[in-house]
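Asks: below are the sequence and a predicted model; questions follow.
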Amino acid sequence: MLRDYFLNKVETALQKAISENKMGQMTEYNNGMLIVEKPKNSDFGDFAINVSSLARFAKIAPPQIANEIINHIDKQDCQYNAVGGFINFKAGNDLLINLVYEIFNKKENFGKGENINKEKIILEYISANPTGPFHIGHGRWAAMGSALANLLKFYGHEVYQEFYINDAGSQIQKLGNSLKIRVRQELGENVDFPTDETERKNYYPGDYLIPVAKSFVEKYSQILCCAQNDSVDVVDSIDLQTYCDFAKEYEQKVQRELLDKLRVHFDNFYSELTLHNSGKVSACVEELKKSGKIYEKEGAVWFKSSDYGDDQDRVIKKADGSNTYLTADIAYHADKLNRGFDRMINIWGADHHGYVARVKASLEALGYDPDKLEILLGQLVNLVIDGNEVRMGKRKNMVTLDDLVDEVGVDATRFWMEMRNIDTTLDFDIELAKKSTDENPVFYVQYAHARACSIIRHATGQNIDAKTGEQIKGVMSVSEFNDFIANFDKNIMNLTINEARKLILKLEEFKYLIYTSARDRQVYTICRYVQDLASEFHSFYNSTRVITDDSELTKSRLALVWAFKTVLATALNILGVSAPEKM
RNA sequence: GCGCCCGUAGCUCAGCUGGAUAGAGCGUUUGGCUACGAACCAAAAGGUCGGGAGUUCGAAUCUCUUCGGGCGUACCA
């Protein structure tokens, strides 16, 4: 990376200056003391290092340190200058040309991590109850999670994506009972959900179970056919479990179809129920007992999680003998490690933050390293309609994720869900996301890609003149262009390097972006990058004509256009947003 | 009460391992299409970085405190 190149130059020079006793009282330099940054003002240079931090070791004024270091740098064709305590660096043309060459060599692999410490990661996200359609909040985890998986894979890790299905527990009974009411309605009975607030909480009164009921009645028509006249209640003649299973299966199918549409692909859907049935949960409780951190109180079994930093102890087994949700979760996380993963990354909504301490505590008690579990807590999503926030909790105002995708499309949904730091509450403005104008960053970025493709089409004679309807004559054939890309000669870049500096530097930044984003588990940074990159391209396009009468000059600029669209497409691919050739 | 997240331009947000005049997009204003996509570009205006105190040569960034907003604080999942 260019910043490493620069840092290395400065560090080498500094070592040299120290060995020549030019650094005052400073006798040694340790890596990490200097940090490369981007100058606030790009007129200063491409990168900068602030050497002020060395002043307290050297007992020399920062400007003097900077000057001394510069004197010892092997500058080659790059520019170095000192302003105050800053050493500013401007890359020389050869470096930039080599960078373009690197993109041509690596193509869609440009930016991948090199010599990385590869980890086998299990990434768990969404993990919704199979009791209803996804709401908008789930969309944030879906988009972010899959983009993070793409990012970590691209960087070089091995990533296994898993969805934990909460298909055990009381909410499933709730679901079955709710379906039963919908089935009765379907059969013409005059029944409805309780109106009493507390009783109503035992049901899912949303409309979404109506089609499920229709489908259920169809499937069990033989049993349900004579509902009206029979004294025996046919609805009750089918056991609750059948209703539960039917609704559960149905909702899972609905969820998975939407995930496909959103380009979210899991390697595995892990059922909580199978975890219980396999005996892993009870085995885990036994294992916990061995830690000595288990005790009984008021008829329940407690885990002394407060010994590991949790604010209070937690119930593992209720007085009625059943396990809590936490117990299954402990077993689940232990199981992940037993399956051989080096690292577990979970994306959880901020409403689950209280869970972090107890799950980590349990891992520690079981003898695992709790640091292997990384939990990314995401703040929730607010829907904005006509400038007003719509609270997500209220059922009547619930907008499902499916509705949203239909409304704004997959690309816009994904991009808007990914573009904000996970720590901030996301305001999702439907009207804005729908707009196909410059208010919408998705289109801005995609437009740049389409434009670049169009230029290449134009150059290779594939565009049609809108007025005459005839094919526009290109400057080279498609096969000549492909040949040019395949056998790229970097020397040609000399012709256009001066106009392209900023664009090339932005392309170079992609490597560092991938490195930092993967390290910090962030994807919003990629959204920002893609906008910056598109902006540099548009700017380049407006100031520099690509297709000219000079065929060599044209080629050198076309090479840059190709490099740009390749890197942009790679970045969009990580985000799971399409890179259209036309729009 | 306690815990976590947030408070930066009219709006939505970057910047937070302390460092050069606090940045971007949108919105507003002004310019730019008889050549490759104007869904674009160039430029301008716009800020007590919620308030206060502290640490430091230097604080949007670290510490404390205070005020706002969100979330959580179950033998529910």
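Replies: On my side now, so go ahead.

Asks: just the element for residue A:26, please.
Replies: Following DSSP states H and E, there is no helix or strand that holds residue A:26.

Asks: ramachandran angles for the residue lying closest to residue A:525 once chain neighbours are set aside?
Replies: Spatial nearest neighbour of residue A:525, excluding adjacent residues (C-beta to C-beta, 6 or more residues apart in numbering): residue A:517 at 4.8 Å. Placement of C-beta: from N, CA and C, glycine included. Backbone dihedrals for residue A:517, given as degrees, to the nearest 10, come out at phi -70, psi -40.

Asks: near RNA strand B, which residues of the stretch 301-450 of chain A?
Replies: Taking C-beta under 7 Å from any atom of the strand as the contact definition, the stretch 301-450 of chain A meets RNA strand B at A:311, A:315, A:318-320, A:322, A:324-326, A:350-355, A:377, A:379-380, A:391, A:393, A:420-421, A:423-427, A:436-439, A:441, A:443-444, A:447, A:450.

Asks: partner strands of the host helix or strand of residue A:122, with direction?
Replies: For residue A:122, the host element (DSSP H and E) is strand A:120-124. Partner strands and pairing direction for strand A:120-124 (DSSP bridges) are strand A:158-165 (parallel), strand A:343-349 (parallel).

Asks: and for that strand, what's in contact with it?
Replies: A:145, A:148-149, A:152, A:157-164, A:336, A:339-347 (C-beta atoms under 8 Å, 6 or more residues apart in numbering).

Asks: the next helix or strand after it - what's its average pLDDT?
Replies: Once the chain leaves strand A:120-124, the next helix or strand it forms, by DSSP H and E, is helix A:136-155. Average pLDDT, helix A:136-155: 96.

Asks: so who does residue A:167 touch?
Replies: Contacts of residue A:167 by C-beta under 8 Å, 6+ apart are A:129, A:130, A:248, A:271, A:272, A:273.

Asks: still on that earlier bit, show me which of the residues of the stretch 301-450 of chain A next to RNA strand B are buried.
Replies: A:315, A:324, A:326, A:355, A:377, A:379, A:420, A:426, A:441, A:443-444, A:447, A:450 (16 or more other C-beta atoms under 10 Å).

Asks: now, which of the contacts of residue A:167 sits nearest RNA strand B?
Replies: residue A:129 (5.1 Å; C-beta to the nearest atom of the strand).

Asks: okay, and the helix or strand of chain A with the least pLDDT?
Replies: Lowest mean confidence among the helices and strands of chain A (mean pLDDT, DSSP states H and E): strand A:388-390, at a mean of 66.

Asks: re earlier: nearest to residue A:496, of the strands paired with strand A:120-124?
Replies: strand A:158-165 (38.5 Å; C-beta to C-beta).

Asks: contacting residues around the residue nearest to residue A:525?
Replies: A:151, A:523, A:525, A:526.

Asks: the last one contacts residue A:150, doesn't it?
Replies: Read that as residue A:526. No: assessed by C-beta atoms under 8 Å, residue A:526 is found out of contact with residue A:150, at 9.5 Å.

Asks: who has more neighbours, those two?
Replies: residue A:526 (24 against 20; other C-beta atoms under 10 Å).

Asks: quick one: the more buried one and residue A:46, what's the gap?
Replies: 21 Å (C-beta to C-beta, to the nearest Å).

Asks: is it true that residue A:417 touches residue A:139?
Replies: Yes: using C-beta under 8 Å, residue A:417 makes contact with residue A:139 at a distance of 5.4 Å.

Asks: quick check: neighbours shared by the two?
Replies: In contact with both residue A:417 and residue A:139: residue A:381, using C-beta under 8 Å, 6+ apart.

Asks: what about these two, which has more around it?
Replies: residue A:417 (30 against 26).

Asks: give the contact list for the more buried one.
Replies: Per C-beta under 8 Å, 6+ apart, neighbours of residue A:417: A:139, A:140, A:142, A:143, A:144, A:381, A:426, A:428.

Asks: on that earlier part again, okay, and which of the buried ones among the residues of the stretch 301-450 of chain A next to RNA strand B map to helices?
Replies: A:326, A:355, A:441, A:443, A:444, A:447, A:450 (DSSP state H).

Asks: from what I can see the fifth one touches residue A:534, true?
Replies: It refers to residue A:444. Yes: between residue A:444 and residue A:534 there is a contact under C-beta under 8 Å: 5.9 Å.

Asks: you'd agree residue A:456 is up against residue A:558?
Replies: Yes: when contacts are counted by C-beta under 8 Å, residue A:456 is listed as touching residue A:558 (6.7 Å).

Asks: buried subset of the contacts of strand A:120-124, written for ChimeraX?
Replies: Applying 16+ other C-beta under 10 Å to the contacts of strand A:120-124, the buried members can be selected in ChimeraX as follows:
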select /A:145,148,149,152,157,159,160,161,162,163,164,336,341,343,344,345,346,347
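
Asks: could you say which helix or strand holds the residue in the stretch 1-150 of chain A positioned nearest to RNA strand B?
Replies: Closest residue of the stretch 1-150 of chain A to RNA strand B, C-beta to the nearest atom of the strand: residue A:48 (3.0 Å). Per DSSP H and E: residue A:48 is located in strand A:47-50.

Asks: over to residue A:412?
Replies: Applying DSSP H and E, one finds residue A:412 within helix A:410-418.
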